[in-house]
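Novice: The sequence and its predicted three-dimensional model are supplied below.
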Amino acid sequence: MTQKLKVIKDYDKLSDVEIEQIKLVYPLGFKKHLVEFNGIDGVRRKGLPLETEDKYYLIRMTEEKAIYIIDQDDDYDKDGKLKSSVKDELEEKHDDEDFLNDYNSNSDNDLGSLNEEVADDDL
């Protein structure tokens, strides 16, 4: 079994496809899903975990940024929930991504020690 690459990335540097996938995994927003981790510089940060078929991501963001992102995104309603029409469209667009179909069924996603073997896309 090949170990997945662990990547820390800023939300602002995600591709549109990555953002769409995050919306499908977290249709009710991000804030309550943030986890703390030590960056490679030793500073405590928060991030949104996301496991794809080949990588474990931690998407760096603060709680304030998580709230702001949802508030400013027209794909979410006033209650911070992904609109059903958007969800349906994204599910159809990404129906070939097996990890999205399985993600919520595996509530014990183990991101392991994200302080080891981390590739920081921003360095």
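Specialist: Perfect, thanks for sending it.
Novice: got any ranges where this protein has weak pLDDT?
Specialist: Scanning the chain for pLDDT under 70 picks out 1, 98-123.
Novice: Centre-most residue in it?
Specialist: Taking C-alpha atoms, centre = their mean, the centroid of the chain lies closest to residue 50, which sits 4.1 Å from it.
Novice: Quickly list what that one is bridged to.
Specialist: Taking DSSP bridges as the rule, residue 50 bridges to residue 57.
Novice: which residues touch it?
Specialist: Remark: with contacts taken as C-beta atoms under 8 Å, 6 or more residues apart in numbering, residue 50 is in contact with 21-22, 25, 56-59. Bear in mind the C-beta positions are built from the backbone N, C-alpha and C, glycine included.
Novice: Counting by contacts, list what the strand or helix carrying residue 88 packs against.
Specialist: Here residue 88 sits within helix 84-93, counting by DSSP states H and E. With contacts taken as 3 or more C-beta pairs under 8 Å, 6 or more residues apart in numbering; DSSP states H and E, helix 84-93 sits against helix 16-25.
Novice: Would you map the helices across the protein?
Specialist: In the chain, the helices defined using DSSP state H lie at 16-25, 63-72, 84-93, 98-103.
Novice: so how far is the third one from its chain's centroid?
Specialist: Computed by C-alpha atoms, centre = their mean, to the nearest Å, the separation of helix 84-93 from the middle of its chain amounts to 17 Å.
Novice: Which residues outside it are in contact with it?
Specialist: Residues from elsewhere that reach helix 84-93 (C-beta under 8 Å, 6+ apart): 20, 23-24, 27, 75, 100.
Novice: Which one of these is nearest to residue 13?
Specialist: residue 20 (15.2 Å; C-beta to C-beta).
Novice: okay, now the closest one: neighbour count?
Specialist: 19 (other C-beta atoms under 10 Å).
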